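*Asks:* I'll drop the sequence and a predicted model, then ask my questions.
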Amino acid sequence: MKTAVIFGANGQDGYYLNELLKQKGISVVGVSRGGNWLHADVANYEEVNTIVKSNLPNYIFHLAANSTTRHEALFDNHAAISTGTFNILEAVKQYSPHTKVFLSGSGLQFVNKGQPIKETDIFEASSPYSVSRIQSVYAARYYRSIGIKVYFGYFFNHESPMRPERHMSKKIAMAAQRIAAGSNKKIEIGDISVKKEWTFAGDIVNAILTLIEQDTVFEATLGSGLAYSIEEWLEQCFGLINKNWHDFVIEKNNFVSEYRILVANPETIHQLGWQPEVTFPNLAKMMVENK
């Protein structure tokens, strides 16, 4: 039986990836600092080393990260993303060189001129988070040059009912739930004209497997290529409960977003045979109904 190790198994992507791998008959070792998984820190080389040596997995997926661009998360991001990447790749080189390694990146590490972003576009160190992601890419390319099969998937916004409420998608979906149940509590939101992808996380983990199960392409943007505004998400969610979102939303004055639009050019992953299945309206329904 094939074996996979997921670092960051306690997050949204770890959940759906674990489910997908089990469906494919792959034994999963989930690793996280919390939750009902093997407790270990990807930033600790000895702990990573032990996991790799004891499992000699067919696949390793590095999904662990603090998904924020805030400067205050500088050291947390560096430890989980940058140091974690080196720890995994060096342990694989030393003890399990047959292992295929997937590393997660972000659309936020590229220059964003408002056009769809492809994996071949130029990087931009616009935050400590993006710096850590960029460093991981170069680490991947180095280890690939010495024989390790390292894949890099650049993520764009993707959602599911597993999202915590601090994420905008879940914040709005949960507000719609509460209002449908009789609440009149309003929510405060920044610039609702900002556009981004709203791809289903379960579809994105399918894209990860599509990428890692072939040996020709090693880096790809993983996204739908479809952008919708926060206002459109409000319309979808509140439309499901037959309410006017304007009655329940307070827009923040003078709020400045990181970007106006963030969307992928998924041409490469599409050529490998992957397409998202869950539509924007169906994702809203899934999250408002919490299914």
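*Replies:* Good, I have the coordinates.
*Asks:* report the contact partners of Leu38.
*Replies:* Contact analysis of Leu38 by Cβ atoms under 8 Å, 6 or more residues apart in numbering lists 29-32, 51. Yep, even glycine has a C-beta here, placed from its N, CA and C like the rest.
*Asks:* quick check: phi and psi on Ser224?
*Replies:* Per-residue torsions, Ser224: phi -80, psi -30 (degrees, to the nearest 10).
*Asks:* apologies, that question was intended for Phe110.
*Replies:* Torsion angles, degrees, to the nearest 10, at Phe110: phi -110, psi 160.
*Asks:* you'd agree it is up against Phe123?
*Replies:* Yes: the criterion here is Cβ atoms under 8 Å, and Phe110 meets it with Phe123 at 6.0 Å.
*Asks:* of these two, who's got more company?
*Replies:* Higher neighbour count among Phe110 and Phe123: Phe110, with 24 against 15, using other Cβ atoms under 10 Å.
*Asks:* check contacts around that one.
*Replies:* Counting by Cβ under 8 Å, 6+ apart, Phe110 has contacts 117, 121-124, 154.
*Asks:* which one of the contacts of Leu38 sits in the busiest neighbourhood?
*Replies:* Going by other Cβ under 10 Å, Val31 tops these with 27 neighbours.
*Asks:* in a helix, that residue, correct?
*Replies:* No: the assignment for Val31, made by DSSP: H, G, I helix; E, B strand; the rest coil, is strand rather than a helix.
*Asks:* so what's the residue count around the residue lying closest to Asn49 once chain neighbours are set aside?
*Replies:* The spatially closest residue to Asn49, leaving aside those adjacent along the chain, is Ala91, at 4.7 Å (Cβ to Cβ, 6 or more residues apart in numbering). Burial of Ala91, expressed as a neighbour count using other Cβ under 10 Å, amounts to 22.
*Asks:* again with Lys53
*Replies:* By the criterion of other Cβ under 10 Å, Lys53 has 12 neighbours.
*Asks:* list the contacts of it.
*Replies:* Lys53 sits next to 91, 95-96 when contact means Cβ under 8 Å, 6+ apart.
*Asks:* picking up where we left off before, just the buried residues of the contacts of Phe110.
*Replies:* For the contacts of Phe110, a neighbour count by 16 or more other Cβ atoms under 10 Å gives the buried set as 117, 121, 154.
*Asks:* closest to Val137 among these?
*Replies:* When the buried ones among the contacts of Phe110 are ranked by distance to Val137 (Cβ to Cβ), Tyr154 comes first, at 8.9 Å.
*Asks:* quick one, what contacts that closest one?
*Replies:* Taking Cβ under 8 Å, 6+ apart as the contact definition, Tyr154 lies against 105-107, 109-110, 117, 119, 219-223, 264.
*Asks:* ok, now with 6 Å
*Replies:* Neighbouring residues of Tyr154 by Cβ atoms under 6 Å, 6 or more residues apart in numbering: 105, 107, 119, 221.
*Asks:* pull the CA atoms of the host helix or strand of it into CSV?
*Replies:* Tyr154 is located in strand 149-155, with elements delineated by DSSP states H and E. What follows is the C-alpha trace of strand 149-155 in CSV, where atoms were taken according to Å, rounded to 0.1, in the frame of the first residue of the first chain:
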residue,chain,number,x,y,z
LYS,A,149,11.0,15.0,-7.3
VAL,A,150,9.6,18.2,-5.8
TYR,A,151,6.4,19.7,-7.1
PHE,A,152,5.2,23.3,-6.4
GLY,A,153,1.5,24.3,-6.6
TYR,A,154,0.7,28.0,-6.4
PHE,A,155,-2.7,28.3,-4.6
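*Asks:* centre of the chain to it, how far?
*Replies:* In terms of Cα atoms, centre = their mean, to the nearest Å, the centre of strand 149-155 is found 12 Å from the chain centre.
*Asks:* which parts of it are buried?
*Replies:* Buried residues in strand 149-155 (16+ other Cβ under 10 Å): 149-155.
*Asks:* that one pairs with which strands, parallel or anti?
*Replies:* Paired strands of strand 149-155, with direction, are strand 100-106 (parallel), strand 219-222 (parallel) (DSSP bridges).
*Asks:* what's in contact with the shortest one?
*Replies:* Identification of contacts with strand 219-222 by Cβ under 6 Å, 6+ apart yields 118-119, 152-155, 204, 207, 211, 264, 266, 268-269.
*Asks:* poorly predicted segments of the protein, please.
*Replies:* 73-74, 291 (pLDDT under 70).
*Asks:* swap the cut-off to 80 and go again
*Replies:* 66-74, 291 (pLDDT under 80).
*Asks:* before we move on, the earlier item: could you identify the most distant pair in the contacts of Leu38?
*Replies:* The distance between the two most remote of those (Cβ to Cβ) is 11.8 Å, for Ser32 and Ile51.
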